[in-house]
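Student: only geometry, no sequence info:
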DNA sequence: CCTACCGATCGGTAGG
DNA sequence: CCTACCGATCGGTAGG
């Protein structure tokens, strides 16, 4: 019944899912992480999959909201793309653990959640791709296959959770600038 | 005892590991995929982890050999980086299933394999990073944090296994050119 | 290569 | 929130 306890469980679960993966994390592992017995978890959640489902949909919600915000802004298309890259990096850095479940563990969802998740994800990608396409139409982005550009951007930002730990020397804005610079202008001189 | 049967098992396992993950793949799933009973698998392999270990180390071996070849070439540093990106894409496209285990499932290895794998991987990254650093020293690559550049390149190429299926309209060399172009010259006009 | 089976562990429930 | 326990499934072995 306690709302915050559910959140504590979710955060502990996200950490375990990142470190071992969803399938390799047992309810007993999770219970131990929050100092409970496995059976007591069920006072706060309905089952293992509910946690994964919540993590996946809450994270996708945050990405969609960020996208919506960028879409509404009255700026150039290349500025919109810069903003989206920046938002991805910031999201990945402030909630590094949930991102992993969102990226890699969603496939363990069962129906109907799996289909819903895929649909949301596809919609996000389509709207991001539209911005890239419009950037090309308006001669702000170099011509090319917008799908390849889309996935190259998304992938570049995906590795962050694998590497970034909050005690890093490198500041967040230095990292953002570097990655945006590579994607927008390339590494060649 | 049959060598090719072991290979058949390994290929089927790589496919299952990609689709469901290592932990969520049971020996019974694997047995069914190669038309055997679970117990019969043990005539060809010593256990579940051996398959994962073989996939991980064989794949890392292929990447190291490709790196070595590029290092020896008498070409500019930016050409070496182009070559490495190309080799990653080609490897990912010719053996799309093993790459997933290599990328995402190695963490399920137990010691001492886990440490060995991490060491090999780190060495690969260090040598790739050296080429980037030398590219900067020789004014062929824009100045920046070589680690960020390294991971941005590796990540860009990592998503391929998630997306590419061999029946694609897009040819391999078109894909290579596009990704190399994005990374070397950027997407901005 | 199979049948038969092992102990361990899984997600989850009953009942208090 | 716990103890006690469920049936199912896990990786793997014995023996033929």
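Tutor: Good, I have the coordinates. Predicted model only: the values in this text are computed from it and were never measured. Numbering: from 1, shown residues only, chains lettered A, B, ... in the order given.
Student: what about the helix or strand containing residue A:61 and DNA strand C, any contact?
Tutor: Element membership of residue A:61 [criterion: DSSP states H and E] is helix A:48-72. Yes. Applying CB under 7 Å from any atom of the strand, one finds helix A:48-72 touching DNA strand C at A:48-49. All C-beta spots, glycine's among them, are computed from the backbone N, C-alpha and C.
Student: what does that helix rub up against?
Tutor: Surrounding helix A:48-72, the residues in contact under the criterion CB atoms under 8 Å, 6 or more residues apart in numbering or on different chains are A:9-10, A:13-14, A:17, A:22, A:27, A:30, A:45, A:80, A:83-84, A:87-88, A:91, A:95, A:98-99, A:101-102, A:105-106, A:108-110, A:113, A:116-117, A:120-121, A:123-124, A:127-128, A:131.
Student: next one: it to chain centre, how far?
Tutor: 8 Å (CA atoms, centre = their mean, to the nearest Å).
Student: How about stretch A:110-122?
Tutor: On CA atoms, centre = their mean, the centre of stretch A:110-122 falls 15 Å from that of its chain.
Student: what comes up buried for it?
Tutor: Buried residues in stretch A:110-122, counted by 16 or more other CB atoms under 10 Å in any protein chain shown: A:113, A:117, A:120-121.
Student: Quick one: name the residues of chain A near DNA strand D.
Tutor: A:5, A:35-40, A:43-44.
Student: can we see that at 6 Å?
Tutor: A:5, A:36-37, A:39-40, A:43 (CB under 6 Å from any atom of the strand).
Student: got JSON lines for those, with distance to DNA strand C and pLDDT too?
Tutor: Shown next, in JSON lines, are those (distance: CB to the nearest atom of the strand, whole Å; pLDDT from 0 to 100):
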{"residue": "A:5", "distance to DNA strand C": "16", "pLDDT": "94"}
{"residue": "A:36", "distance to DNA strand C": "11", "pLDDT": "96"}
{"residue": "A:37", "distance to DNA strand C": "8", "pLDDT": "96"}
{"residue": "A:39", "distance to DNA strand C": "3", "pLDDT": "97"}
{"residue": "A:40", "distance to DNA strand C": "8", "pLDDT": "97"}
{"residue": "A:43", "distance to DNA strand C": "8", "pLDDT": "96"}
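Student: Please indicate which of those residues has the highest neighbour count?
Tutor: residue A:36 (17 neighbours; other CB atoms under 10 Å in any protein chain shown).
Student: Chain A: helices as residue ranges?
Tutor: A:3-20, A:27-33, A:48-72, A:77-94, A:96-100, A:113-137, A:146-158, A:160-163, A:172-185 (DSSP state H).
Student: separation between the closest residue to residue A:30 other than its chain neighbours and DNA strand C?
Tutor: Spatial nearest neighbour of residue A:30, excluding adjacent residues (CB to CB, 6 or more residues apart in numbering or on different chains): residue A:13 at 5.5 Å. Using CB to the nearest atom of the strand, to the nearest Å, residue A:13 is found at 11 Å from DNA strand C.
Student: what about residue A:13, neighbour count?
Tutor: For residue A:13, the neighbour count with other CB under 10 Å is 28.
Student: Equivalent analysis for residue A:28, please.
Tutor: Using other CB under 10 Å: residue A:28 sits among 12 other residues.
Student: now it, nearest residue through space, not along the chain?
Tutor: Nearest to residue A:28 is residue A:38, by CB to CB, 6+ apart, at 4.7 Å.
Student: hang on, that neighbour packs against residue A:31?
Tutor: Yes. Using CB atoms under 8 Å, residue A:38 makes contact with residue A:31 at a distance of 4.3 Å.
Student: which one of these two has more residues nearby?
Tutor: Comparing residue A:38 with residue A:31 by other CB under 10 Å, the one with more neighbours is residue A:31, at 18 against 13.
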